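Chemist: Any chance you could fold what I've pasted below:
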Amino acid sequence: MSGHSKWAGIKHKKAVVDAKRGQAFTRASRELTIAAREGGGNPEGNFRLRLAIQKAREINMPTDRIQNAINRGTGELAGEKLEEVRYEGYGPAGVAVMVDTLTDNRNRTSASIRHRFSKLGGNLAESNAVGWMFERKGVIAANAGKHDPEEVALAAIEAGADDVQVEGQSVEITAPPSSFEKVKSAVEALGVNVENAEITMQPKQTVPVGEDKAAAVLRLMESLEEDDDVQQVYANFDIPTNVLERVSAQV
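Modeler: Prediction:
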C-alpha cells in the first residue's frame, strides 16, 4: 500500500477534528458549490456533486448547509466567486507535489502557497512541471475485518477495479473514475468497512522517503493543507507504513 494513500487515510480521520474548527466544513462547502456550478444541482446526474455530498455527510455537515452550498453553485443563493487554481512544485527529498485550490483572490493564494513551499524545504515550479507524473483515479481504502481480504479484492476486480493491494486486513483498491461508484458499492455489499474513498490524482511512480526526510515531507503537506484556500494536496512520496504512522503523530 503506497505511503501517500496511507497518509490520505490518516488525513481522513483527522477531518472530524478539523470539522470542529470549521475548516473541513469550509472545504466541503466550496467543493459542493463548484460541483453544482459545473454540473448542476441534481446529484443523480452529477458525479462530482454526489461525491461532494458523500464527503460532506462523512464529516457530519448539516443538511441545510449542504443544500445552501449547492444553491450557491446553481445561482439560487448569492455567494463568493471562486476559481480553481492548481499549483505544482517539489518538496524535500525531491517529492513531486500538486496543490488544488479554490480561491476568490489568486494573488493572495499564490503568495501563501509559495511561502509555504520555500519555508519548508520545497520550491514552487511552473505549471505542468509535475502534473504528468499523476493520473486521475478512484482510490478506496477498506478494512476486510472478518472477511477474507482476497474475497474483497476479487469483488473489486470483478466490479471494474484496475488494481488491488492487500496488506494484512487492509485493502487498497484503485479504479478508473468511471467505475469508482460500482467498485465501492461491490465492496460495501460484502459488509466491509470502507475507511476512505475518493477520486484523487495518483502518482504513476513514487519516491521512496526514509525516516530522515519523512518529517520534513509531512510538515510541508500539513502546512499546505492548513491554507484555507487549499482543497487537496497530492504527492508521490512513499514512506514505510510504520514510519508514516510514527512520524505523522508528531507532525
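
Chemist: going forward, measure contacts between C-alpha atoms and count neighbours the same way
Modeler: Noted.

Chemist: what stretches of the protein score poorly on pLDDT?
Modeler: Within the chain, the ranges that satisfy pLDDT under 70 run 1-21, 251.

Chemist: Spell out which residues make up each domain of it.
Modeler: With domains defined by automatic domain parsing, the chain comprises 12-74, 83-132+205-248, 134-203.

Chemist: can you give me the strands for the protein?
Modeler: 83-90, 96-103, 123-125, 134-143, 163-167, 170-175, 193-203, 207-208, 230-235, 237-238 (DSSP state E).

Chemist: for A96, what are its contacts?
Modeler: With contacts defined as Cα atoms under 8 Å, 6 or more residues apart in numbering, A96 is in contact with 88-90, 130, 235-237.

Chemist: Is it bridged to anything, and to what?
Modeler: Taking DSSP bridges, one obtains Y90 as the residues bridged to A96.

Chemist: need the contact list for the closest residue in space to V97 that isn't next to it in sequence.
Modeler: Spatially, and ignoring its direct neighbours in sequence, V97 is nearest to A235 (4.4 Å; Cα to Cα, 6 or more residues apart in numbering). Contact analysis of A235 by Cα under 8 Å, 6+ apart lists 4, 95-98, 203.

Chemist: make it 7 Å
Modeler: Contacts for A235 (Cα atoms under 7 Å, 6 or more residues apart in numbering) come out as 4, 95-98.

Chemist: ok, now V166?
Modeler: 149, 172.

Chemist: who does it bridge with?
Modeler: Beta-bridge partners of V166, as defined by DSSP bridges: V171.

Chemist: So it versus A186, what's the distance?
Modeler: 17 Å (Cα to Cα, to the nearest Å).

Chemist: now do A142
Modeler: The value you get for A142 to A186, if Cα to Cα is used, is 12 Å.

Chemist: These two: who's more crowded?
Modeler: A142 (24 against 18; other Cα atoms under 10 Å).

Chemist: Let me see the contact set for the nearest residue to the more buried one once chain neighbours are set aside.
Modeler: Leaving aside its sequence neighbours, A142 sits nearest to V194 (Cα to Cα, 6+ apart; 4.3 Å). Counting by Cα under 7 Å, 6+ apart, V194 makes contact with 141-143, 188.
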